[in-house]
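Trainee: test case, fold it:
(2 chains)
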2 protein chains.
Amino acid sequence: MEEKEISQAVIGRLPRYFRYLGELKDVGVERISSQELSELMKVTASQIRQDFNNFGGFGQQGYGYNVEYLYKEIGKILGLDQTHNFVIIGAGNLGRALGNYMNFERRGFIFRGMFDQNPALVGQDVRGVKVRPMEELEQFVRENDIDIAVLTIPKTSAVEVADKLVHNGIKAIWNFAHVDLNVPEGIQVENVHLSDSLMKLSYNINRYMKENS
Amino acid sequence: MEEKEISQAVIGRLPRYFRYLGELKDVGVERISSQELSELMKVTASQIRQDFNNFGGFGQQGYGYNVEYLYKEIGKILGLDQTHNFVIIGAGNLGRALGNYMNFERRGFIFRGMFDQNPALVGQDVRGVKVRPMEELEQFVRENDIDIAVLTIPKTSAVEVADKLVHNGIKAIWNFAHVDLNVPEGIQVENVHLSDSLMKLSYNINRYMKENS
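Mentor: Residues are numbered from 1 along each chain as shown, chains lettered A, B, ... in the order given. Take a look at the predicted model:
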(Lines give C-alpha, C1' and ligand atoms only; values in the text may rest on other atoms or scores of the structure.)
Protein backbone atom coordinates (compact mmCIF):
# COMPACT_ATOMS: atom_id res chain seq x y z
CA MET A 1 0.00 0.00 0.00
CA GLU A 2 1.34 3.39 -0.89
CA GLU A 3 1.67 5.78 1.98
CA LYS A 4 2.29 9.41 1.27
CA GLU A 5 2.49 12.36 3.62
CA ILE A 6 -0.26 11.67 6.14
CA SER A 7 -0.98 14.38 8.70
CA GLN A 8 -0.11 13.76 12.33
CA ALA A 9 -3.76 14.47 13.16
CA VAL A 10 -4.82 11.45 11.10
CA ILE A 11 -2.05 9.33 12.63
CA GLY A 12 -3.17 10.45 16.06
CA ARG A 13 -6.65 9.04 15.39
CA LEU A 14 -5.50 5.63 14.10
CA PRO A 15 -4.81 4.09 17.54
CA ARG A 16 -8.35 4.93 18.59
CA TYR A 17 -9.80 3.21 15.52
CA PHE A 18 -7.54 0.28 16.30
CA ARG A 19 -8.78 0.15 19.90
CA TYR A 20 -12.47 0.21 18.91
CA LEU A 21 -12.03 -2.34 16.14
CA GLY A 22 -10.19 -4.65 18.54
CA GLU A 23 -13.11 -4.46 20.95
CA LEU A 24 -15.63 -5.11 18.16
CA LYS A 25 -13.58 -8.09 16.99
CA ASP A 26 -13.38 -9.43 20.54
CA VAL A 27 -17.16 -9.45 20.88
CA GLY A 28 -17.62 -11.13 17.50
CA VAL A 29 -18.73 -8.26 15.24
CA GLU A 30 -17.76 -9.08 11.66
CA ARG A 31 -18.91 -6.07 9.68
CA ILE A 32 -19.55 -2.46 10.52
CA SER A 33 -20.63 0.52 8.43
CA SER A 34 -18.93 3.88 8.73
CA GLN A 35 -22.25 5.15 10.11
CA GLU A 36 -22.29 2.58 12.92
CA LEU A 37 -18.62 3.17 13.66
CA SER A 38 -19.36 6.88 13.68
CA GLU A 39 -22.06 6.51 16.34
CA LEU A 40 -19.89 4.24 18.45
CA MET A 41 -16.85 6.49 18.32
CA LYS A 42 -18.70 9.81 18.30
CA VAL A 43 -16.91 11.14 15.23
CA THR A 44 -18.63 11.90 11.93
CA ALA A 45 -18.89 9.16 9.29
CA SER A 46 -17.34 11.53 6.80
CA GLN A 47 -14.33 11.98 9.07
CA ILE A 48 -13.93 8.20 9.22
CA ARG A 49 -14.15 7.85 5.44
CA GLN A 50 -11.69 10.70 4.93
CA ASP A 51 -9.25 9.18 7.41
CA PHE A 52 -9.48 5.75 5.81
CA ASN A 53 -9.11 7.18 2.31
CA ASN A 54 -5.58 8.17 3.26
CA PHE A 55 -4.81 4.45 3.20
CA GLY A 56 -6.85 3.41 0.19
CA GLY A 57 -10.26 3.22 1.86
CA PHE A 58 -10.27 -0.38 3.14
CA GLY A 59 -13.05 -1.82 1.06
CA GLN A 60 -16.62 -1.20 -0.05
CA GLN A 61 -18.54 1.41 1.81
CA GLY A 62 -22.07 0.35 0.94
CA TYR A 63 -21.47 -3.07 2.40
CA GLY A 64 -19.56 -1.83 5.43
CA TYR A 65 -16.06 -2.65 6.59
CA ASN A 66 -14.79 -6.11 7.47
CA VAL A 67 -13.84 -5.62 11.12
CA GLU A 68 -11.05 -8.16 11.32
CA TYR A 69 -9.48 -7.04 8.04
CA LEU A 70 -9.66 -3.38 9.04
CA TYR A 71 -8.21 -4.14 12.47
CA LYS A 72 -5.29 -5.99 10.91
CA GLU A 73 -4.63 -3.38 8.24
CA ILE A 74 -4.64 -0.50 10.71
CA GLY A 75 -2.38 -2.57 12.96
CA LYS A 76 0.04 -2.98 10.05
CA ILE A 77 -0.05 0.73 9.25
CA LEU A 78 0.75 1.41 12.90
CA GLY A 79 3.68 -0.97 12.60
CA LEU A 80 2.26 -3.33 15.23
CA ASP A 81 3.22 -6.35 13.12
CA GLN A 82 6.86 -5.45 13.83
CA THR A 83 8.62 -5.85 17.14
CA HIS A 84 10.59 -3.09 18.81
CA ASN A 85 12.84 -3.48 21.83
CA PHE A 86 12.56 -0.74 24.41
CA VAL A 87 14.30 0.38 27.57
CA ILE A 88 12.91 2.52 30.36
CA ILE A 89 15.12 5.17 31.88
CA GLY A 90 13.97 6.09 35.36
CA ALA A 91 12.85 3.33 37.74
CA GLY A 92 10.49 5.47 39.81
CA ASN A 93 6.75 4.86 40.04
CA LEU A 94 5.99 5.98 36.51
CA GLY A 95 8.81 3.90 35.01
CA ARG A 96 7.60 0.87 36.95
CA ALA A 97 4.01 1.43 35.90
CA LEU A 98 5.08 1.37 32.26
CA GLY A 99 7.40 -1.60 32.77
CA ASN A 100 4.61 -3.58 34.36
CA TYR A 101 2.12 -2.89 31.61
CA MET A 102 1.78 -6.21 29.80
CA ASN A 103 -0.27 -4.90 26.88
CA PHE A 104 2.80 -3.29 25.33
CA GLU A 105 4.17 -6.77 24.65
CA ARG A 106 0.96 -7.74 22.86
CA ARG A 107 1.56 -4.81 20.52
CA GLY A 108 5.12 -5.81 19.72
CA PHE A 109 6.95 -3.61 22.21
CA ILE A 110 9.44 -5.75 24.11
CA PHE A 111 10.68 -4.54 27.49
CA ARG A 112 14.44 -5.22 27.55
CA GLY A 113 16.09 -3.00 30.10
CA MET A 114 15.61 -0.46 32.85
CA PHE A 115 18.06 2.13 34.14
CA ASP A 116 18.32 4.44 37.10
CA GLN A 117 21.00 6.57 38.66
CA ASN A 118 19.79 5.82 42.18
CA PRO A 119 21.95 2.97 43.61
CA ALA A 120 19.09 1.97 45.91
CA LEU A 121 17.00 1.02 42.86
CA VAL A 122 19.76 -0.73 40.89
CA GLY A 123 19.35 -4.50 41.01
CA GLN A 124 15.61 -4.35 41.69
CA ASP A 125 13.39 -6.42 39.46
CA VAL A 126 10.51 -5.04 37.35
CA ARG A 127 8.66 -7.87 35.64
CA GLY A 128 11.81 -9.94 35.15
CA VAL A 129 13.97 -6.99 34.08
CA LYS A 130 16.75 -5.89 36.45
CA VAL A 131 17.35 -2.19 37.03
CA ARG A 132 20.87 -1.29 35.84
CA PRO A 133 23.05 1.72 36.65
CA MET A 134 23.03 4.60 34.16
CA GLU A 135 26.69 3.96 33.32
CA GLU A 136 25.63 0.81 31.45
CA LEU A 137 22.97 2.53 29.33
CA GLU A 138 24.96 3.41 26.23
CA GLN A 139 26.60 0.04 25.78
CA PHE A 140 23.30 -1.74 26.46
CA VAL A 141 21.47 0.29 23.81
CA ARG A 142 24.17 -0.46 21.23
CA GLU A 143 24.40 -4.17 21.95
CA ASN A 144 20.74 -5.09 22.36
CA ASP A 145 19.10 -3.65 19.26
CA ILE A 146 17.11 -1.12 21.26
CA ASP A 147 14.76 1.02 19.13
CA ILE A 148 12.81 2.93 21.72
CA ALA A 149 13.77 4.64 24.97
CA VAL A 150 11.12 5.65 27.46
CA LEU A 151 12.21 8.67 29.50
CA THR A 152 10.66 8.93 32.94
CA ILE A 153 13.37 11.09 34.49
CA PRO A 154 13.38 14.75 35.57
CA LYS A 155 13.72 17.37 32.86
CA THR A 156 17.14 18.42 34.17
CA SER A 157 18.74 15.16 33.06
CA ALA A 158 16.41 14.30 30.16
CA VAL A 159 18.17 16.47 27.58
CA GLU A 160 21.61 14.99 28.26
CA VAL A 161 20.30 11.42 28.35
CA ALA A 162 18.44 11.95 25.09
CA ASP A 163 21.68 13.08 23.43
CA LYS A 164 23.45 9.94 24.61
CA LEU A 165 20.63 7.76 23.33
CA VAL A 166 20.72 9.38 19.92
CA HIS A 167 24.48 8.89 19.68
CA ASN A 168 24.05 5.21 20.41
CA GLY A 169 21.51 4.52 17.71
CA ILE A 170 18.10 4.86 19.33
CA LYS A 171 15.28 5.39 16.80
CA ALA A 172 12.60 6.87 19.01
CA ILE A 173 11.99 8.46 22.39
CA TRP A 174 8.77 8.23 24.33
CA ASN A 175 9.26 11.28 26.48
CA PHE A 176 7.53 11.76 29.85
CA ALA A 177 10.02 14.39 31.04
CA HIS A 178 8.58 17.91 31.18
CA VAL A 179 10.81 19.28 28.52
CA ASP A 180 10.73 19.38 24.73
CA LEU A 181 13.69 17.45 23.35
CA ASN A 182 15.79 18.64 20.43
CA VAL A 183 16.76 15.61 18.41
CA PRO A 184 18.14 15.19 14.88
CA GLU A 185 15.72 14.57 12.03
CA GLY A 186 14.78 10.94 11.77
CA ILE A 187 14.56 10.40 15.53
CA GLN A 188 10.92 10.11 16.47
CA VAL A 189 9.72 11.72 19.66
CA GLU A 190 6.32 11.33 21.24
CA ASN A 191 5.73 13.51 24.27
CA VAL A 192 3.43 12.75 27.16
CA HIS A 193 3.41 15.97 29.16
CA LEU A 194 1.14 15.06 32.05
CA SER A 195 1.12 18.56 33.56
CA ASP A 196 -0.02 20.00 30.24
CA SER A 197 -2.88 17.55 30.14
CA LEU A 198 -3.97 18.43 33.68
CA MET A 199 -3.84 22.15 32.86
CA LYS A 200 -6.10 21.61 29.89
CA LEU A 201 -8.55 19.90 32.21
CA SER A 202 -8.26 22.81 34.62
CA TYR A 203 -9.05 25.27 31.82
CA ASN A 204 -12.15 23.35 30.83
CA ILE A 205 -13.42 23.14 34.42
CA ASN A 206 -13.02 26.87 34.94
CA ARG A 207 -14.51 27.85 31.61
CA TYR A 208 -17.57 25.73 32.32
CA MET A 209 -17.97 27.13 35.82
CA LYS A 210 -17.76 30.72 34.54
CA GLU A 211 -20.28 30.09 31.79
CA ASN A 212 -22.72 28.47 34.20
CA SER A 213 -22.35 30.62 37.30
CA MET B 1 -11.34 39.46 29.94
CA GLU B 2 -13.95 38.19 27.59
CA GLU B 3 -13.59 34.55 26.63
CA LYS B 4 -15.65 33.19 23.80
CA GLU B 5 -15.57 29.80 22.15
CA ILE B 6 -11.88 28.96 21.99
CA SER B 7 -10.89 25.84 20.10
CA GLN B 8 -9.50 22.89 22.01
CA ALA B 9 -6.43 23.07 19.76
CA VAL B 10 -5.65 26.53 21.12
CA ILE B 11 -6.36 25.40 24.69
CA GLY B 12 -4.08 22.43 24.10
CA ARG B 13 -1.22 24.80 23.29
CA LEU B 14 -1.66 27.09 26.31
CA PRO B 15 0.08 24.79 28.83
CA ARG B 16 3.14 24.70 26.62
CA TYR B 17 3.27 28.52 26.46
CA PHE B 18 2.85 28.54 30.21
CA ARG B 19 5.73 26.08 30.65
CA TYR B 20 8.13 28.07 28.44
CA LEU B 21 7.18 31.40 30.00
CA GLY B 22 7.72 29.93 33.47
CA GLU B 23 11.22 28.86 32.47
CA LEU B 24 12.00 32.27 30.95
CA LYS B 25 10.74 33.96 34.11
CA ASP B 26 12.87 31.65 36.28
CA VAL B 27 16.05 32.65 34.43
CA GLY B 28 15.21 36.36 34.68
CA VAL B 29 13.97 37.17 31.16
CA GLU B 30 11.61 40.16 31.38
CA ARG B 31 10.50 40.73 27.81
CA ILE B 32 10.26 38.55 24.74
CA SER B 33 9.08 39.19 21.19
CA SER B 34 6.78 36.78 19.41
CA GLN B 35 9.70 36.15 17.03
CA GLU B 36 12.03 35.09 19.86
CA LEU B 37 9.32 32.98 21.47
CA SER B 38 8.69 31.45 18.06
CA GLU B 39 12.31 30.35 17.69
CA LEU B 40 12.44 28.99 21.21
CA MET B 41 9.21 27.00 20.90
CA LYS B 42 9.55 26.06 17.25
CA VAL B 43 6.13 27.36 16.25
CA THR B 44 5.54 30.26 13.89
CA ALA B 45 5.31 33.78 15.27
CA SER B 46 2.00 34.18 13.47
CA GLN B 47 0.64 31.10 15.27
CA ILE B 48 1.66 32.65 18.59
CA ARG B 49 0.01 35.97 17.76
CA GLN B 50 -3.14 34.22 16.56
CA ASP B 51 -3.30 32.11 19.71
CA PHE B 52 -2.81 35.11 21.96
CA ASN B 53 -5.37 37.18 20.05
CA ASN B 54 -8.01 34.76 21.30
CA PHE B 55 -7.41 36.30 24.71
CA GLY B 56 -7.01 39.94 23.72
CA GLY B 57 -3.41 39.82 22.57
CA PHE B 58 -1.53 40.47 25.84
CA GLY B 59 0.03 43.83 25.03
CA GLN B 60 2.08 45.64 22.41
CA GLN B 61 3.70 43.53 19.78
CA GLY B 62 6.41 45.96 18.66
CA TYR B 63 7.76 46.14 22.16
CA GLY B 64 7.47 42.42 22.88
CA TYR B 65 5.57 40.67 25.63
CA ASN B 66 6.15 41.17 29.34
CA VAL B 67 7.11 37.63 30.40
CA GLU B 68 5.83 37.76 33.96
CA TYR B 69 2.54 39.37 32.97
CA LEU B 70 1.99 36.88 30.17
CA TYR B 71 2.86 33.95 32.45
CA LYS B 72 0.35 35.14 35.05
CA GLU B 73 -2.39 35.84 32.53
CA ILE B 74 -2.07 32.47 30.85
CA GLY B 75 -2.02 30.87 34.30
CA LYS B 76 -5.29 32.64 35.11
CA ILE B 77 -6.84 31.56 31.83
CA LEU B 78 -5.83 27.99 32.65
CA GLY B 79 -7.51 28.37 36.03
CA LEU B 80 -4.26 27.83 37.92
CA ASP B 81 -5.10 30.69 40.31
CA GLN B 82 -7.90 28.48 41.65
CA THR B 83 -7.46 25.38 43.76
CA HIS B 84 -9.06 22.06 42.96
CA ASN B 85 -9.17 19.04 45.25
CA PHE B 86 -8.55 15.73 43.56
CA VAL B 87 -8.66 12.04 44.39
CA ILE B 88 -6.82 9.22 42.67
CA ILE B 89 -8.67 5.99 42.05
CA GLY B 90 -6.28 3.10 41.65
CA ALA B 91 -3.24 2.83 43.97
CA GLY B 92 -1.02 0.92 41.54
CA ASN B 93 2.26 2.24 40.19
CA LEU B 94 0.67 4.83 37.93
CA GLY B 95 -1.64 6.12 40.68
CA ARG B 96 1.30 6.39 43.06
CA ALA B 97 3.44 8.14 40.47
CA LEU B 98 0.72 10.79 40.08
CA GLY B 99 0.13 11.03 43.83
CA ASN B 100 3.83 11.61 44.44
CA TYR B 101 4.13 14.35 41.85
CA MET B 102 4.54 17.52 43.93
CA ASN B 103 4.26 19.94 41.02
CA PHE B 104 0.51 19.43 40.85
CA GLU B 105 0.21 21.20 44.21
CA ARG B 106 2.16 24.19 42.88
CA ARG B 107 -0.51 24.50 40.17
CA GLY B 108 -3.40 24.42 42.61
CA PHE B 109 -4.29 20.73 42.40
CA ILE B 110 -4.56 19.38 45.95
CA PHE B 111 -4.21 15.65 46.51
CA ARG B 112 -6.93 14.68 49.01
CA GLY B 113 -7.67 11.00 48.74
CA MET B 114 -6.70 7.71 47.15
CA PHE B 115 -8.83 4.63 46.65
CA ASP B 116 -8.28 1.03 45.68
CA GLN B 117 -10.31 -2.15 45.76
CA ASN B 118 -7.29 -4.25 46.70
CA PRO B 119 -7.35 -4.78 50.51
CA ALA B 120 -3.56 -5.24 50.47
CA LEU B 121 -3.16 -1.61 49.35
CA VAL B 122 -5.78 -0.08 51.65
CA GLY B 123 -4.15 1.74 54.55
CA GLN B 124 -0.88 2.35 52.71
CA ASP B 125 0.42 5.90 52.64
CA VAL B 126 1.15 7.90 49.48
CA ARG B 127 2.69 11.26 50.36
CA GLY B 128 0.62 11.60 53.53
CA VAL B 129 -2.62 10.34 51.95
CA LYS B 130 -3.98 6.99 53.13
CA VAL B 131 -5.36 4.56 50.58
CA ARG B 132 -9.04 3.95 51.33
CA PRO B 133 -11.36 1.16 50.23
CA MET B 134 -13.57 1.80 47.19
CA GLU B 135 -16.68 1.59 49.39
CA GLU B 136 -15.77 4.95 50.90
CA LEU B 137 -15.33 6.73 47.56
CA GLU B 138 -18.79 8.19 47.02
CA GLN B 139 -19.20 9.62 50.50
CA PHE B 140 -15.66 11.00 50.44
CA VAL B 141 -16.23 12.80 47.14
CA ARG B 142 -19.44 14.37 48.43
CA GLU B 143 -18.04 15.47 51.78
CA ASN B 144 -14.62 16.78 50.75
CA ASP B 145 -15.40 19.15 47.90
CA ILE B 146 -13.61 16.97 45.36
CA ASP B 147 -13.58 18.46 41.86
CA ILE B 148 -11.31 16.09 39.97
CA ALA B 149 -10.98 12.31 39.96
CA VAL B 150 -7.94 10.68 38.42
CA LEU B 151 -8.75 7.21 37.08
CA THR B 152 -5.83 4.79 36.97
CA ILE B 153 -7.90 1.62 37.03
CA PRO B 154 -8.58 -1.01 34.35
CA LYS B 155 -11.09 -0.16 31.67
CA THR B 156 -13.49 -2.84 32.92
CA SER B 157 -14.24 -0.92 36.11
CA ALA B 158 -13.60 2.60 34.84
CA VAL B 159 -17.03 3.11 33.28
CA GLU B 160 -18.92 2.12 36.44
CA VAL B 161 -16.66 4.17 38.69
CA ALA B 162 -17.03 7.20 36.42
CA ASP B 163 -20.83 6.93 36.73
CA LYS B 164 -20.59 6.89 40.51
CA LEU B 165 -18.29 9.89 40.50
CA VAL B 166 -20.64 11.87 38.30
CA HIS B 167 -23.59 11.07 40.58
CA ASN B 168 -21.65 12.37 43.54
CA GLY B 169 -20.80 15.73 42.06
CA ILE B 170 -17.39 15.37 40.47
CA LYS B 171 -16.63 18.10 37.92
CA ALA B 172 -13.84 16.49 35.94
CA ILE B 173 -12.17 13.18 35.23
CA TRP B 174 -8.53 12.78 34.27
CA ASN B 175 -8.81 9.41 32.62
CA PHE B 176 -5.89 7.01 32.24
CA ALA B 177 -8.12 3.95 31.70
CA HIS B 178 -8.06 2.63 28.13
CA VAL B 179 -11.65 3.42 27.44
CA ASP B 180 -13.57 6.49 26.33
CA LEU B 181 -15.98 7.56 29.05
CA ASN B 182 -19.53 8.69 28.37
CA VAL B 183 -20.35 11.45 30.79
CA PRO B 184 -23.10 14.06 30.88
CA GLU B 185 -22.46 17.49 29.39
CA GLY B 186 -20.65 19.73 31.79
CA ILE B 187 -18.37 17.01 33.13
CA GLN B 188 -14.90 17.58 31.74
CA VAL B 189 -12.83 14.59 30.66
CA GLU B 190 -9.21 14.63 29.65
CA ASN B 191 -7.90 11.31 28.39
CA VAL B 192 -4.34 10.08 28.61
CA HIS B 193 -4.35 6.92 26.52
CA LEU B 194 -0.77 5.74 26.87
CA SER B 195 -1.13 2.86 24.41
CA ASP B 196 -2.43 5.25 21.76
CA SER B 197 0.60 7.45 22.26
CA LEU B 198 2.98 4.51 21.92
CA MET B 199 1.24 3.36 18.72
CA LYS B 200 1.66 6.80 17.23
CA LEU B 201 5.37 6.53 17.98
CA SER B 202 5.41 3.09 16.40
CA TYR B 203 3.79 4.44 13.24
CA ASN B 204 6.37 7.20 12.93
CA ILE B 205 9.29 4.79 13.41
CA ASN B 206 8.00 2.47 10.71
CA ARG B 207 7.14 5.21 8.26
CA TYR B 208 10.61 6.66 8.62
CA MET B 209 12.27 3.27 8.19
CA LYS B 210 10.24 2.57 5.05
CA GLU B 211 11.03 5.93 3.54
CA ASN B 212 14.73 5.53 4.25
CA SER B 213 15.31 1.86 3.49
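Trainee: in stretch A:165-177, which residues are buried?
Mentor: Under the neighbour-count criterion of 16 or more other Cβ atoms under 10 Å in any protein chain shown, stretch A:165-177 has A:Leu165, A:Val166, A:Asn168, A:Ile170, A:Lys171, A:Ala172, A:Ile173, A:Trp174, A:Asn175, A:Phe176, A:Ala177 buried. All C-beta spots, glycine's among them, are computed from the backbone N, C-alpha and C.
Trainee: and if you look at stretch A:79-88?
Mentor: Result for stretch A:79-88 [16+ other Cβ under 10 Å]: buried residues A:Gly79, A:Leu80, A:His84, A:Asn85, A:Phe86, A:Val87, A:Ile88.
Trainee: neighbouring contacts of it?
Mentor: Contact with stretch A:79-88 is made by A:18, A:75, A:95, A:98-99, A:104, A:107-115, A:126, A:137, A:140-141, A:144-150, A:152, A:171-172, A:174, B:199, B:202-203, B:205-207, as judged by Cβ atoms under 8 Å, 6 or more residues apart in numbering or on different chains.
Trainee: among those residues, name the buried ones.
Mentor: Those of those that meet the buried threshold are A:18, A:75, A:95, A:98-99, A:104, A:107-109, A:111-115, A:126, A:137, A:140-141, A:146-150, A:152, A:171-172, A:174, B:199, B:202-203, B:205-207, by 16+ other Cβ under 10 Å.
Trainee: of those, which belong to strands?
Mentor: Using DSSP state E, the subset of these located in strands is A:109, A:111-115, A:126, A:146-150, A:172, A:174.
Trainee: which strands and helices lie in contact with the lowest-mean-pLDDT helix or strand in chain A?
Mentor: For chain A, the helix or strand with the lowest mean confidence is helix A:103-106, at a mean of 84 (criterion: mean pLDDT, DSSP states H and E). If you count contacts as 3 or more Cβ pairs under 8 Å, 6 or more residues apart in numbering or on different chains; DSSP states H and E, helix A:103-106 packs onto helix B:194-211.
Trainee: how about the helix it packs on, does it reach chain A?
Mentor: Yes: using Cβ under 8 Å from any Cβ of the partner chain, helix B:194-211 reaches chain A at B:194-210.
Trainee: I'd like the distance from that helix to the chain centre, please.
Mentor: Per Cα atoms, centre = their mean, to the nearest Å, the displacement of helix B:194-211 from the mean C-alpha position of its chain is 24 Å.
Trainee: which other residues reach it?
Mentor: Contacts of helix B:194-211 (Cβ under 8 Å, 6+ apart): A:3, A:8, A:11-12, A:14-16, A:18-19, A:77-80, A:82, A:84, A:98, A:101, A:103-104, A:107-109, A:147-148, A:171-172, A:174, A:186, A:188, A:190, A:192, B:176, B:178.
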